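Chemist: Dropping a prediction and its sequence here:
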Amino acid sequence: MEDEKNHTGPLMIALQYNDLFDLDSISAMTASTNTDDAVPKDRAVTFIKAVQIVNERLVEQNKTESLLFEVILIAKECSEEIKMNIVESVKYYGLEIVKIFFCKKEELINTLQLNNVKLFLSTDKDDVYEVLHIGIPAAVLYEQSDDHVLNQLKVIFSGDVIGFSEDSLDSLSDFGFSETQIETFKEAKICMKEFAVLIGQMRRKFGQENSPLCICVLTAWGSTNVCASALKTLREWGLDVDEAFCLAGAPCSPILAVVKPHILWDGGLHNMRDLSAHS
Amino acid sequence: LRIGDGLKMSSQNLLQHGEKDWAAAKAHFENLKSTKPRPPKPKYAVTIAVSSRTLFDMVAERKIFEEEGLEKYVQHQQEHENEPLKPGPAFPFVKALMTVNERLRNLYPDSEELFDIVLMTNNHAQVGVRLMNSINHYDLTIERFCMTGGQSPIEYLKAYMTNLYLSKDSKKVQEAIEEGIAAAIMFKPDVVTQLSETQLRVAFDGDAVLFSDESEIIVKQHGLDTFFEHEKQYENKPLAQGPLKCFLEALGKLQKKFYAKNERLNCPIRTFLVTARSAASSGARVLKTLRSWGLEIDEALFLAGAPKGPLLLKIRPHIFFDDQMFHIEGAKEMGTIAAHVPYGIGQKYNKGKLIEPEKQQK
């Protein structure tokens, strides 16, 4: 088992402003003199609320707990007016956002690295893969099809990426996956480990039942051996899994619709492009 | 009751998305040149979901859970991870399903119309490793599973397009039936019986299993004589369908595939109706109902009230579905693997007497 390194300090998660706020409401504002704030999107709000609940429960157990979630917001290419609106809206809606970074498009990666971001979340899978490829942990902020707030933060790890051995991953070139894609999968596995170790420490502070954190593993087309391997690997990394699904090629969307995850790690292995179109 | 097939219709989006996953899975399996056959597409398959306690004997482990709590139970399972579990009541049924699949694959190598077995368990994923090791130990073709970590399995049953759900938990089975999914509570027989290894044999009770409980209500509330009159009068009016009708239908579809290849005499699926009705006075309506549904049953056995145990011993089914615990217990005592279908008026009675309200199962 991974030795208990003293991973203190916050688990920083970065969101992009266009995932948090409805862009249309922002542009509508700049057009008029209306001082209404930008409207936050349900998907991001349920995520932030779930994160807040985990933090509250962690602090309940230990007032001086340092391994808490921190959410930062990154806004690319904003006018001064929009910048103001974002700051106001964050305050107005009581969203627990620790910092807001305004930067240029090319500065995204730098900003993430400089601030020791442990997870970059986006609804745009291209952004996710780009960031993963550099070696920064990144995952999909999954669509919550209704705005019912679960009192649990749900994270899905890809059993395929974690469970497949290095050799099997290499053999994927036979199926038409490009070198870049294969490299991204390997990076994804390394990134997942980083994140898994931290979240594993958090998860262990709660029992099997009534935990504000729910860890799931979804093996979309690996065999049961791949899934078993993923579970054992995650255990080695210090992360105990709550729910596991092995689909052997069956469609993922029905399962995801039931699980309703907030964070979805896939590394791109099973082409979940149409996820957001599913609602 | 909703017809089970309704669950299999997908929207255009799901279809497209499913196709991409499917191509990847197909390519993956073919390249591995594995001896294990590729699992079928859920929308064409007959999906049977079994719980961990029906597939394996987890009586000792269950005791630890009940007496020492969840954490100790999970720890125990992890410590014994590499020890395979012993077979449970659904085990022979699952092996028989695999035999049918082999035959189907021989005759129709490219077809997705096969049995698909899914392990559907409430267990936390930590217990999963032992379950998977056990599945591998017996070489069972179970490629799909769902460990809900304590959540109710009902929504997952729908997501996995389940045609039949077998569990030891009566509450979950009742919920499944209410949601239109064929389901039953499995019981381990008191005596071990030798079962066929080449033919899947499934026995069904009639009223409140294949058919609705409308006629049974008449028996319970107005007595046998009224029942006989009623059935004769309505001989030509088909009975409404019961919770297991869709499963019989699914079996029938697979049987027809064997008939199409001239294998009727050697068909690896055989179905039985074992009913307390008598052939002369109330049997016709049952047979006519089946005919009106376009369904065949291989053998229809009318007992006219005689006990089912001895007859079932002759049939030796891999599973026998009945709605009344009285019959389930009788079957179990004599070595038949019985599955209780908690549906209809029969749940409020025990051996013909109305159970006091506070003693009734919910």
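Modeler: Great, that's in hand. Given the structure is predicted, the values throughout are model-derived calculations rather than measurements.
Chemist: Report how many residues lie close to the closest residue to chain B within the stretch 101-250 of chain A.
Modeler: The nearest approach of the stretch 101-250 of chain A to chain B comes at residue A:249, 2.8 Å away (Cβ to the nearest Cβ). Bear in mind the C-beta positions are built from the backbone N, C-alpha and C, glycine included. Neighbours of residue A:249 under the rule other Cβ atoms under 10 Å in any protein chain shown: 25.
Chemist: Confirm for me that it is in contact with residue A:219.
Modeler: No - if you go by Cβ atoms under 8 Å, residue A:249 and residue A:219 don't touch, sitting 10.4 Å apart.
Chemist: Show me where chain B has its strands.
Modeler: All strands of chain B, identified by DSSP state E, fall at B:46-50, B:56-57, B:86-87, B:115-121, B:144-147, B:164-167, B:182-187, B:200-204, B:269-275, B:299-302, B:319-322, B:338-340, B:349-350, B:353-354.
Chemist: could you give the mean pLDDT of stretch B:315-327?
Modeler: Mean pLDDT, stretch B:315-327: 96.
Chemist: And residue B:136, how close does it get to residue A:227?
Modeler: 12 Å (Cβ to Cβ, to the nearest Å).
Chemist: higher neighbour count, these two?
Modeler: residue A:227 (29 against 15).
Chemist: helices and strands around the helix or strand where that one lies, which ones?
Modeler: Per DSSP states H and E: residue A:227 is located in helix A:224-236. Applying 3 or more Cβ pairs under 8 Å, 6 or more residues apart in numbering or on different chains; DSSP states H and E, one finds that helix A:224-236 makes contact with helix A:159-163, strand A:213-219, strand A:243-246, helix B:125-137.
Chemist: would you turn those into TSV with mean pLDDT and distance to residue A:12?
Modeler: Output for those, formatted as TSV (pLDDT from 0 to 100; distance: least, Cβ to Cβ, whole Å):
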stretch	mean pLDDT	distance to residue A:12
helix A:159-163	88	22
strand A:213-219	94	17
strand A:243-246	94	26
helix B:125-137	93	27
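Chemist: Dump the ones you listed into CSV; add distance to residue A:171 as well.
Modeler: Below are the helices and strands packed on helix A:224-236 laid out as CSV (distance: least, Cβ to Cβ, whole Å):
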stretch, distance to residue A:171
helix A:159-163, 13
strand A:213-219, 17
strand A:243-246, 20
helix B:125-137, 22
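Chemist: of those, which approaches residue A:14 most closely?
Modeler: When the helices and strands packed on helix A:224-236 are compared by Cβ to Cβ, strand A:213-219 sits nearest residue A:14, at 19.1 Å.
Chemist: How about residues contacting the closest one?
Modeler: Contacts with strand A:213-219, where a contact means Cβ atoms under 8 Å, 6 or more residues apart in numbering or on different chains, come from A:54, A:152-160, A:162-163, A:199, A:202-203, A:206, A:226-227, A:230-231, A:234, A:239-247, A:252, A:255-256, A:259, A:261, B:125, B:149.
Chemist: again, only using 7 Å
Modeler: Applying Cβ atoms under 7 Å, 6 or more residues apart in numbering or on different chains, the set of residues contacting strand A:213-219 from outside is A:54, A:152-160, A:163, A:202-203, A:206, A:226-227, A:230-231, A:234, A:239, A:241-247, A:252, A:255, A:259, A:261, B:125.
Chemist: Whichever of those count as buried, I'd like them selected in ChimeraX; how would that read?
Modeler: Buried members of the contacts of strand A:213-219, defined by 16 or more other Cβ atoms under 10 Å in any protein chain shown, are picked up in ChimeraX with:
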select /A:54,152,153,154,155,156,157,158,159,160,163,202,203,226,227,230,231,234,239,241,242,243,244,245,246,247,252,255,259,261 /B:125
